[in-house]
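Enquirer: Predicted model follows, preceded by the sequence.
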Amino acid sequence: MSASVKIQQAPRTVAPSRPFSVWANKHRKWLFAAPAMIFVGLLIVFPLVWTVYLSLTDSRGSVRAPADFIGIGNYLTVLSDFDRFWPAVGRTVYFTFTALAVEMVLGMIIALLLWRPFRGEKWVRVAILLPLVATPVAVGMMWRLIFDPNMGFANQMLSWVGIPPQPWLSGQATALPTTIFMDIWQWTPMVVLILLAGLTSLPEETDEAARVDGANAWQRFFLVTLPLLKATVIVAILLRSIDALKTFDILYATKGKGGGSFHEVETLNVYAYGLSFDYNEYGLSSAVLIIFFLIIIGFMWILTRRRKGQD
Amino acid sequence: MSEHAIKQRRKPAGVRAYSWFRVAALTIVVLALLAPLAWLVASSLKTNVDIYDPTKTFIFVPTFENYVNVLTRNNYFVFIFNSFWVAFVSTVLSLVLGVPAAYAMSRFTMHRSALVVLMARVIPGITLLVPWYYVFSNLRMVGGFSVLILSHMFVALPLIVYIMMSYFDSMPLELEESAQVDGLTPIGAFAHITLPLSIGGMATAGILSFIFSWNNFMFALVLSGARTKTLPVAIFDFVSYASIDWGGLMAAATVVTVPIMVIALFTQKYIVSGMTAGAIK
């Protein structure tokens, strides 16, 4: 055995290679990983540090008038702002949790419907994929036309069944739920794909065993399938909640700056964008951004910690 | 096959009821997902007068007027090129940086390092956009392609590292090891054995990265200039304070989404595997 290896190796034995190649091979772990990490690090770490600094100043973005250091003033202003900031936090939480809850339930139902093979499966998969890859801004525009109070198809459909027209996006109370509906349309398919991948990787024997033991469909789902799928469900929740918390495209495309004239869809993301790029309130917006960042990191920490605990 | 048939015969009533229920339910799902898109395309083929006319909801004379307007009068070919160029270059560069990184992170189980890259997935883009805007405008880069490509790479890189890591994790190392026994250096084994074997994974990661970049809106909204505007930003040209050119808007929206959907249809298998990468571990 060892003899044959020697024979194979002999002709190809590398002549003492150049120093760089030796060095590179020895340190390939970091040689490979470092460029990507440095790139991401530079684009994250410096901006974050700088945002923290800005949040402690009254910067308005002007180079000529240097910003003054004002300590935690911006944070106090933001945290005592019950007109814009706290409602925006409320909307962010409402948007994220409502969208997430509906998407998880609908996604689970659709994934279960798709679980066992059937005819025409391919077509359903295509339908599921299309909303996912559609450009969110274009999707927002598309729904804007459909939900137009005067000529939209949504109200036309309501009129067929005798329901009075709804204001949808233009109503103060209905605007946010309407955008949540759009999020559900676009991103439920993502949940379906993830859960379906999880379902197809489950062993069939346990389900069969439960069937033989006389468990009905509900019992099999809640007592056998769902516990086995727990890790996948958490991954889906994690991925979806990250993106739902950050939703911007659809809100901006449908309601524009400030989340509409009454800020009816102004989430933290839209609020911070407006403060930064419409009003140049960089100091204040930086404080909002840091708070937003901490909320997201805290949220992720809770979710991933629980996940580790369950593994 | 025969086992399946036996099972079906054993409980006919329940199975048949379920399969009818399933057909009905899935039909509703497919309709709900596709009808709005059909509506988008149909509206793009209507005149602005027909869009307002409830009697022409389903039956109308299609016209390509909106498309002619969008493509000729609004510089759309430039925007299409911009979107394509930014998505293409940022995808290629992210693959160049991301694939070796994912390999090292998978091979040497550098979970903490991987977490650094994945942070980019979690942090809200807006948090970084303010400092980016400040720095890049001082460097006179805002409005150029390089800054757009950099910002889109920031989206693409974590995606590529994430997908490629789970790809390399599932790849047997024996081939690479035997290549090293045969005299290749570790980097040589990676370049000559591992990379060619991971083309499928790179295709998955590349396609998804291209789609995400094509669809990206917020970074381009702030960092692009008149010359480098991408399609999602250009759509807003059809929305003005006074009124909306609905026909033009829908044609523009169709021009943005249809190419990416066609790509998605042809590469369906890859996209699904990419989107669910690591989800079942």
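Expert: Thanks, I have it.

Enquirer: show me where pLDDT drops low in the stretch 51-200 of chain A?
Expert: Filtered on pLDDT under 70, the stretch 51-200 of chain A yields the residue ranges A:61-66.

Enquirer: ok, now with 50
Expert: Residue ranges of the stretch 51-200 of chain A with pLDDT under 50: none are present.

Enquirer: does A:N74 really touch A:L56, like I thought?
Expert: Yes: A:N74 lies in contact with A:L56 (CB atoms under 8 Å); the separation is 7.1 Å. Backbone N, C-alpha and C define where each C-beta goes, glycine included.

Enquirer: Show me which positions of stretch B:159-178 end up buried.
Expert: The neighbour-count check on stretch B:159-178 (16 or more other CB atoms under 10 Å in any protein chain shown) flags B:159-168, B:171, B:176 as buried.

Enquirer: Report the entries of the residues you listed that also contact chain A.
Expert: B:V161 (CB under 8 Å from any CB of the partner chain).

Enquirer: from the buried residues of stretch B:159-178, which single one is nearest B:T91?
Expert: B:I160 (8.3 Å; CB to CB).

Enquirer: For the closest one, which non-adjacent residue is closest in space?
Expert: B:G98 (3.6 Å; CB to CB, 6 or more residues apart in numbering or on different chains).

Enquirer: count of neighbours near the one you found?
Expert: 32 (other CB atoms under 10 Å in any protein chain shown).

Enquirer: Which of the three states applies to it?
Expert: helix (DSSP: H, G, I helix; E, B strand; the rest coil).

Enquirer: show me the contacts for it.
Expert: B:G98 makes contact with A:36, B:156-157, B:160-161, B:164, B:205, according to CB atoms under 8 Å, 6 or more residues apart in numbering or on different chains.

Enquirer: Adding secondary structure, pLDDT and distance to B:S146, write those out as a markdown table.
Expert: As requested, the contacts of B:G98 are arranged in a markdown table below (DSSP: H, G, I helix; E, B strand; the rest coil; pLDDT from 0 to 100; distance: CB to CB, whole Å):
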| residue | secondary structure | pLDDT | distance to B:S146 |
| --- | --- | --- | --- |
| A:A36 | helix | 91 | 18 |
| B:A156 | helix | 93 | 15 |
| B:L157 | helix | 93 | 16 |
| B:I160 | helix | 94 | 19 |
| B:V161 | helix | 93 | 22 |
| B:M164 | helix | 93 | 25 |
| B:A205 | helix | 94 | 22 |
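
Enquirer: what stretches of the stretch 1-150 of chain B score poorly on pLDDT?
Expert: Using pLDDT under 50, the stretch 1-150 of chain B drops low at B:1-2, B:6, B:8.

Enquirer: quick one on the thing from earlier: would you turn the buried residues of stretch B:159-178 into TSV with secondary structure and distance to A:V265?
Expert: Formatted as TSV, the buried residues of stretch B:159-178 follow (DSSP: H, G, I helix; E, B strand; the rest coil; distance: CB to CB, whole Å):
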residue	secondary structure	distance to A:V265
B:L159	helix	27
B:I160	helix	32
B:V161	helix	33
B:Y162	helix	30
B:I163	helix	32
B:M164	helix	37
B:M165	helix	36
B:S166	helix	35
B:Y167	helix	38
B:F168	helix	41
B:M171	coil	45
B:E176	helix	52
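
Enquirer: check which helix or strand covers the residue nearest to B:N69 when sequence neighbours are not counted.
Expert: If the residues on either side of it in the chain are set aside, B:N69 comes closest to B:G248, at 5.6 Å by CB to CB, 6+ apart. For B:G248, the enclosing helix or strand under DSSP states H and E is helix B:246-266.

Enquirer: Which other helices and strands does that helix contact?
Expert: helix A:121-133, helix A:136-146, helix B:12-44, helix B:48-51, helix B:65-68, helix B:76-107, helix B:199-215, helix B:231-234 (3 or more CB pairs under 8 Å, 6 or more residues apart in numbering or on different chains; DSSP states H and E).

Enquirer: Would you format the ones you listed as CSV with distance to B:F58 included?
Expert: Compiled in CSV, the helices and strands packed on helix B:246-266 are given as follows (distance: least, CB to CB, whole Å):
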stretch, distance to B:F58
helix A:121-133, 20
helix A:136-146, 14
helix B:12-44, 8
helix B:48-51, 11
helix B:65-68, 18
helix B:76-107, 28
helix B:199-215, 30
helix B:231-234, 29
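
Enquirer: Just the element for the closest residue to chain B within the stretch 151-300 of chain A, please.
Expert: Closest to chain B within the stretch 151-300 of chain A is A:A197: 3.8 Å, counting by CB to the nearest CB. Assigned by DSSP H and E, A:A197 falls within helix A:175-200.

Enquirer: Return the set of buried residues in that helix.
Expert: Neighbour counts over helix A:175-200 (16+ other CB under 10 Å) mark A:175-176, A:178-199 as buried.

Enquirer: now do stretch A:244-256
Expert: Buried, per 16+ other CB under 10 Å, within stretch A:244-256: A:244-255.

Enquirer: One more: stretch A:201-215?
Expert: So for stretch A:201-215, counting by 16+ other CB under 10 Å, buried means A:202, A:207, A:210-211, A:215.

Enquirer: Stretch B:35-49 now?
Expert: Neighbour-count burial for stretch B:35-49 [16+ other CB under 10 Å]: B:36-37, B:39-48.

Enquirer: try stretch B:182-196
Expert: So, applying 16+ other CB under 10 Å, buried residues of stretch B:182-196: B:184-186, B:188-190, B:193-194.

Enquirer: State the pair within those that is farthest apart.
Expert: Top of the distance list for these (CB to CB): B:T185 and B:T194, 12.7 Å.
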